[in-house]
Structures are given as structure tokens and as C-alpha cells.
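Undergrad: predicted structure and sequence below. I'll ask about it afterward.
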Amino acid sequence: MTPREWLVALALVFPVVGVGAAAVSPRALLSRVMTGIAVLAALAALALATVALLEPTHRELGRWIVVDPAGGIIIGVIAIVGVASALVSPQFLAARRSSLFRADRADRIYWATLFAFWAVLLAVPLAGNLGAAWLAIEATTAASALLVGFSGRGRALEAGWKYLILTSLGLGVALLGILMLESAAGGGGIETLTWRSLPHDSLDHDVAVVAYVLLLAGLAAKVGWAPVHNWLPDAHSEAPAPVSALLSAALLPAVLLVAWRSQQALAPTIGVRTAGGVLVGFGLVSLAVAVPFLWQSQAWKRLLAYSSLEHMGVIALGIGFGGSLALAGVAVHVVGHALAKALGFYAATPLLAHEPRASGHGVGGIGRTQPALGASLGVSLGALAGLPPSPLFVSEVLIVAGGFQVGRPWAAGAAAVLLALGFLGLAHSLIETVIGKPRGRDRHPAIGLRAVTILTIVVVPLLLALTVASLWLPDSAIVQGLIRGLG
Amino acid sequence: MSGIAWTLVALGIGVIVVRRNSIAVALVTAQAFVLAVAALTEGTSADAIIAAAALALRGVVLAALFLLLVRRTRETRPVPAGVAPLVRAAAAVTLALTLIWLVPPFGLDAHEAEQATLSLVALGLVTAAMRRATLFQVLGIVLVENGLALAALSLPGEPSLAIEIGVAVDLLLIALVAGIFHERIFAEFGAGDTAALRSLRDS
């Protein structure tokens, strides 16, 4: 085994160990053991991500395993959001009042499922072929659906059920596309579906186009692209906050990476404009659908969910455009979105404790009644809105400029208008939430605020560092590696 | 292959129109056994035998799970479908014909297998979209997966057993999780009826 393969094994082993540890750890030590394993799992994954990004020209391309710069970004994001979600989970579990499972088992099942989700999530960017990537994505559905419905309340059951059915059906459609590709390439099993062999010479153009559209339409149901996004606001708003963070910040981009790899692999057969055009279409529709909801007064987690719809649309645009500027924007956007969105979801735990009506309504004036919490909400929403110096401001500029760079001025122009409208909606929510007129009267102590405040202190410099790095990124070897893909 | 392919479609149409969930479970289980037979008719290699065994085992495990759920969550009367059986069947046939018309031949061993695959995917999607009962929605997913299993068996050359077994395991996991939700939905709302799951709205 190569050193990279050892690192891959290590990164995957720790979450699997976590699943076992959740079953056998003494009850009194459960949270400590699990957060300890989470730290180890994150360190291993971060080491792998670092190697992938520091040596972007050296790619590991096996039948089953791939380590490349694009995967490195997603693995890094999974590591950071995974460990942060594990660290804030004890507060969530301490505050929970109900569960889908028997009370004496609920905590163990939560941890086991969270680590199982982490393990299969890591397998998505590492999968060396389209079939294995599909299997890993489908497996994330089973684990994450249990977590979405974890509270066992009626609304959580509804959200979890929608998520399970819609994404499973979507992935069924994606699998049809994969089987069409394999069949059109003359069979050959796994060898036909590796990322390197996918642009097969014998692929019929029309079949490849239909298969690609089916594949992307199916994956869209999992990424949450409009118009097949219906599960997304419900699942994100009803899942436990640490799980919402993982869903939005890590799962959606991980699945999006598979769509990106498919686009890069099939572009030689179906044409670069067609392959990119489908993604640009999903991106623009997602932005157009998200913007009206960003203008409404939404419950906090639901607002973040619609922001996810917007940001997945932005990333789709960047991938669809291609080119150095847009792909640099994509890299920055994936990481910046993950940091800001995860912080926003973690802040939901103290927010809901402080003002319970925030679960179903928009909130106001949190900065006046609970300044530290208001600061966390403000940092998250400001960054997500693309308020300078947020890295998402730079990434959105890069992606729009990338559209002009590759000769898609109409799509880039439309994206710029929609992004500006989205910014206005989120900026209004930012002002209302942080310094607006306080709405709720039943204010309580913000349980779990200390952890969120520490996370905010960590996230702010990371976001600023990302903004600085984004100015250097377009000419970097990392972006060259992203452009080159796995071909 | 054509007899097997159209038998699968006929069983799928049965799932669309039947009222009782236990009969629908029997129909998708019958599909799994037909698929296992199809795997054996494709060849007698070790891979073909393993594929047939995996499909049959998947069918048995799913049937056991679904029938257990039916027994544990016995409804006083079947959950109304919301849409008449003939309308459901017409919608499914229309979608199937549209897919067959839109999708070019993609190289499976037999053209009938391609048409049957697309038909089963359409039947599964319509079942999940038009049936209110939670169990029927899961059966819609199984119908889609049965169609995809037919396509996998009809691929030119040797199929990838690892992927096929992986798909079967994933389907079992999804069905298991769906079963957990179904039981809890039944306990919470008194019926496995998705009409009760309509409280989440934008404010």
C-alpha cells in the first residue's frame, strides 16, 4: 500500500471505530469517548486532505480509491464539520426531550449513526468509480435519515420521511443513468465506471447525454438543487443542529463532487458546453427558487436551509462554467459555506433555548438580548450573505467573472442579478436578527452558548484567512489540479 | 428474456392498482424471484448463481420485513390511495411510454429488457408519488430497484457483482430505516398515512 492509501484507510477506520465504540463505551464516559474518537478521525482526514492539496499534481487513481485536490477539499470540510458537530453534540443530547428510539438507547444510537454517517460521507469523495460513489451516497441516506428524524416528533418524522423517499427515488434515477453508461460502453463492470475510463470511446453521444441528464437529475435530488429540493428545508430545519450542519456543509458538497466528476468525465463525449450547461441550468434555477424565500421572515434553521439551496446553486454555476476563475471560486465557496453554515446551525441550539419561538418563526434583536449569541448569528449570516470581507463575497465574484471568462455572459449576468437579490434578502434578515426589534417575550438562558462562542472565535479568523487565500487561488496549482480533474 | 421482462412489468402494474399492502408485498417479492430466475437464465457461472442467490435473499428479507411491519401496524382499514386505481395505472403507463420514447436504445442484451427497465422505473415513481400509504411509497422504491436489477442482469458482458450486492445491501438498509419511520409514524398519527405528514410549511 502507498502512504496515501494508508492515510485513506486511517481516515475511514476511525469513524468505523466510532460506531463500535458507541455500542460498548460505558454510559458515563460515552460523550468523552466519542468526541475523543471524533478528534482522531478529524486529524486523520485532515492529514489526508493536506496531502491531497499540498501535492495537487500527484493523484492517486485506483479502481476503488481516488485522492485528488477536489476530493481533498471535501475531505477537509468533512473533517472540520464532523469534529465540530461531535463537539457540540453533548449539549444537544443533554437538552433533547424526545427521541425516535428508546430513551436508554437513544444516545448510543445517535453516536453510532453519526459516526456511520461520517464514514460513508468520507467514502463519497474517495470513491474511485461512479458505482462505488453511488453506493456511498445511497448509504448516507440511510444513516442521515435516522438522524433527521432523531427527535421522533411529528415534524421530524415528516422531514425524515420526505428526505428518505425523495432522495432514494432520485438516486434510483441516477443509478439508471449509471447503468445506461455502463451498458452503452459495452459492459465491463467496475472497470467501465472508473473516473478515468468513463469517457469511453464507444459511448453513443445521444445515450451519453440522456444518461448524464438522468444521473444529474438523480443527484440533484440529493444535492437539493431546485426543482427537486423539497426535502431540503424540512430536513435541515428538523434535524438536530449538529446533523443539520453535516448535511448542509458536508453532505451536499460531497454529492456535488460526484456530479462534478461525472461532468468532467463525460464532457469529452457529450461536449463541454452541454455538460456544463446542465449544471448552469440547475444553478440558475436553484438561485431563482431560493431568492424569494430569502426575502421572507423565516425560522432560523429554515432560513439557513434556503441559503443552502442558494449556495449549492452557486457552486453548480461555478462547476458548470469551469475555468480557473470559476473553479477557484468553487473551492473557496465550498469551504467558506461550510464554516459559516455550520456555525449558523450550531448557534441554533442556544438560540432555540434562548427564544423557543425561533423554531417556527423569524427572530429579532438577538444581539440586544444576548450579545454573544447575536455575534455568532451575525458572523454566520453576514458571511453567508456575502458581506465583505466574507470569502463568499470573493468566491461569488470569482464565479460570476468565471462565467464571463468562459463565454457564458447571459448566465453570468443572470447569476449576478440573482446573487444581488439574495444578498439583499439575507442582509435584511441579518439586520433584523441581530439588531432589529426583539420579538419574543419568553427569553431563557442560551444553553450551549459557550461552545458556540468558542467556535465563533475560531471561525472568524479562518474565514478571513480564506478571503486572503482566495485572492491567490486562481493561479495556484490547486486550481490547475481542479481544472485537470481525473482525466 | 422478453417473457421475464414483461412478467416483471405485469407484477409492477399489479402493485400500482392493488388496495391491500400485503398483496403488494407479495407482488414485489414475486418480482425478486423472477429476477433470480432471470439471473440463472443468463448463465450458470459462479457469478450468475451468486447474483440469483443475492436477489432471492433480498426478496425474502424484504418480504419478511414488510410483512412484519404490516402485522405490527395493522390498520383497521387500508389507507385511502387518494387517486383511483385506473388513474394511477394510466399515469404509470403514460410515464413509461414517455420514457421509452425519450430514451434511445442503450445497449442492454435485449431491447425488451430496456423497455421493461424503464417501465418499472416509471411504475415505481408513480407508486411513490400517488399512493398515500407509507408502505406503498417504500414499495415504489423497491419497484424502481427491481427495474434497475433487471437492467444490471441484462448488461453486456460480466456484471460487477460487488456493485450489485452493494445495491442490494443499500436497498435493505433503506427499507429498514423506512420501517423504523413507518412504525413511528403509525404510533404518532394512528396510521401509516403520508396525508398526516403535512405540517411543515414556510412561515
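TA: Here it is on my side, so go on.
Undergrad: could you give the number of residues near the residue of the stretch 151-300 of chain A found nearest chain B?
TA: Distance from chain B to each residue of the stretch 151-300 of chain A (C-beta to the nearest C-beta) is smallest for residue A:187, at 3.0 Å. The C-beta positions use only the backbone N, C-alpha and C, and glycine is treated the same way. Neighbours of residue A:187 under the rule other C-beta atoms under 10 Å in any protein chain shown: 19.
Undergrad: quick one: pLDDT of it?
TA: Listed pLDDT for residue A:187 reads 76.
Undergrad: does the most centrally placed residue in chain B lie in a helix or a strand, and which?
TA: Nearest to the mean C-alpha position of chain B, counting by C-alpha atoms, centre = their mean, stands residue B:143 at 1.6 Å. Using DSSP states H and E, residue B:143 maps to helix B:134-153.
Undergrad: got the angle between the helix or strand hosting residue B:37 and helix B:134-153?
TA: If you go by DSSP H and E, residue B:37 is part of helix B:21-42. When axes from the mean of the first three to the mean of the last three C-alpha atoms, to 10 degrees is applied, the directions of helix B:21-42 and helix B:134-153 differ by 10 degrees.
Undergrad: so what does helix B:21-42 touch, helix or strand wise?
TA: In terms of contacts (3 or more C-beta pairs under 8 Å, 6 or more residues apart in numbering or on different chains; DSSP states H and E), helix B:21-42 is packed against helix B:2-17, helix B:46-72, helix B:134-153.
Undergrad: which of the residues in the strand or helix carrying residue A:283 are buried?
TA: Using DSSP H and E, residue A:283 falls within helix A:272-294. Within helix A:272-294, the residues that count as buried by 16 or more other C-beta atoms under 10 Å in any protein chain shown are A:274-276, A:278-291, A:293-294.
Undergrad: pLDDT of that helix, averaged?
TA: So the average pLDDT for helix A:272-294 ends up being 96.
Undergrad: centre of the chain to the helix or strand just after it, how far?
TA: Downstream of helix A:272-294, the first helix or strand assigned by DSSP H and E is helix A:300-321. Put simply, helix A:300-321 sits 9 Å off its chain's centre (C-alpha atoms, centre = their mean, to the nearest Å).
Undergrad: how about stretch A:7-27?
TA: 22 Å.
Undergrad: can I get that stretch in CSV, CA atoms only?
TA: Taking C-alpha atoms only, stretch A:7-27 is exported to CSV below (Å, rounded to 0.1, in the frame of the first residue of the first chain):
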residue,chain,number,x,y,z
LEU,A,7,-3.9,7.6,5.1
VAL,A,8,-7.2,6.7,3.4
ALA,A,9,-7.5,3.6,5.5
LEU,A,10,-6.8,5.5,8.6
ALA,A,11,-9.3,8.3,7.8
LEU,A,12,-12.0,5.6,7.2
VAL,A,13,-11.1,3.4,10.2
PHE,A,14,-11.6,6.0,12.9
PRO,A,15,-15.3,6.7,12.1
VAL,A,16,-15.9,2.9,11.9
VAL,A,17,-14.2,2.5,15.3
GLY,A,18,-16.6,5.2,16.5
VAL,A,19,-19.6,3.1,15.5
GLY,A,20,-18.3,0.2,17.6
ALA,A,21,-17.3,2.4,20.5
ALA,A,22,-20.8,3.9,20.7
ALA,A,23,-22.1,0.4,21.4
VAL,A,24,-19.6,-0.6,24.1
SER,A,25,-18.4,2.6,25.8
PRO,A,26,-19.5,3.0,29.5
ARG,A,27,-22.5,5.3,29.6
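Undergrad: my read: residue B:140 touches residue A:169, true?
TA: Yes. Using C-beta atoms under 8 Å, residue B:140 is in contact with residue A:169, at 7.1 Å.
Undergrad: the two: who's more crowded?
TA: residue B:140 (28 against 23).
Undergrad: from residue A:142, how far off is that one?
TA: Per C-beta to C-beta, to the nearest Å, residue B:140 is found 17 Å from residue A:142.
Undergrad: go on, residue A:59?
TA: Applying C-beta to C-beta to residue A:59 and residue A:142 gives a distance of 30 Å.
Undergrad: ok, and the helix or strand in chain A with the lowest average confidence?
TA: strand A:60-61 (a mean of 70; mean pLDDT, DSSP states H and E).
Undergrad: gap between the longest helix out of those in chain B and the chain center?
TA: As assigned by DSSP state H, the longest helix anywhere in chain B is helix B:161-189. Centroid separation for helix B:161-189 versus its chain: 12 Å, with C-alpha atoms, centre = their mean.
Undergrad: that helix near chain A at all?
TA: Yes. Applying C-beta under 8 Å from any C-beta of the partner chain, one finds helix B:161-189 touching chain A at B:161-163, B:166-167, B:170, B:173-174, B:176-178, B:180-181, B:184-185, B:188-189.
Undergrad: tell me how many other residues surround residue A:413.
TA: Counted with other C-beta under 10 Å, residue A:413 comes out at 13.
Undergrad: distance of it relative to residue A:386?
TA: Distance from residue A:413 to residue A:386, by C-beta to C-beta: 17 Å.
Undergrad: so where is the chain shaky, pLDDT-wise?
TA: Just so you know, I chose chain A. A:440-442, A:487 (pLDDT under 70).
Undergrad: that's the other chain; I wanted chain B
TA: B:1, B:44, B:159, B:202-203.
Undergrad: excluding sequence neighbours, find me the nearest residue to the residue of it found nearest chain A.
TA: With C-beta to the nearest C-beta as the measure, residue B:157 is the residue of chain B nearest to chain A, at 3.0 Å. Once flanking residues are discounted, residue B:157 sits nearest to residue A:187: 3.0 Å by C-beta to C-beta, 6 or more residues apart in numbering or on different chains.
Undergrad: any idea how far the one you found lies from residue A:202?
TA: Taking C-beta to C-beta, one finds residue A:187 at 11 Å from residue A:202.
Undergrad: give me the secondary structure label for the residue of chain B closest to chain A.
TA: coil (DSSP: H, G, I helix; E, B strand; the rest coil).
Undergrad: what is the neighbour count of it?
TA: The number of residues packed near residue B:157 is 15, by other C-beta under 10 Å.
Undergrad: ok, it - contacts?
TA: A:186-189 (C-beta atoms under 8 Å, 6 or more residues apart in numbering or on different chains).
Undergrad: and residue A:285, by the same measure?
TA: Residue A:285 makes contacts with A:225-227, A:313, as judged by C-beta under 8 Å, 6+ apart.
Undergrad: cool, residue A:262 as well?
TA: A:130, A:198, A:212, A:215-216, A:219.
Undergrad: chain neighbours aside, what residue packs nearest to residue A:234?
TA: Spatial nearest neighbour of residue A:234, excluding adjacent residues (C-beta to C-beta, 6+ apart): residue A:159 at 4.0 Å.
Undergrad: counting contacts, what elements does the strand or helix carrying that neighbour pack onto?
TA: Here residue A:159 sits within helix A:154-184, counting by DSSP H and E. Judged by 3+ C-beta pairs under 8 Å, 6+ apart, the packing partners of helix A:154-184 are helix A:130-148, helix A:190-193, helix A:205-223, helix A:231-238, helix B:111-130, helix B:134-153, helix B:161-189.
Undergrad: isn't residue A:200 up against residue A:185?
TA: Yes. Contact criterion C-beta under 8 Å: residue A:200 and residue A:185 qualify, at 4.0 Å.
Undergrad: find residues that contact each of these two.
TA: Common neighbours of residue A:200 and residue A:185 (C-beta under 8 Å, 6+ apart) are residue A:192.
Undergrad: looking at residue A:59 and residue A:142, which is more packed in?
TA: Set residue A:59 next to residue A:142 and count neighbours by other C-beta under 10 Å: residue A:142 wins out with 24 against 20.
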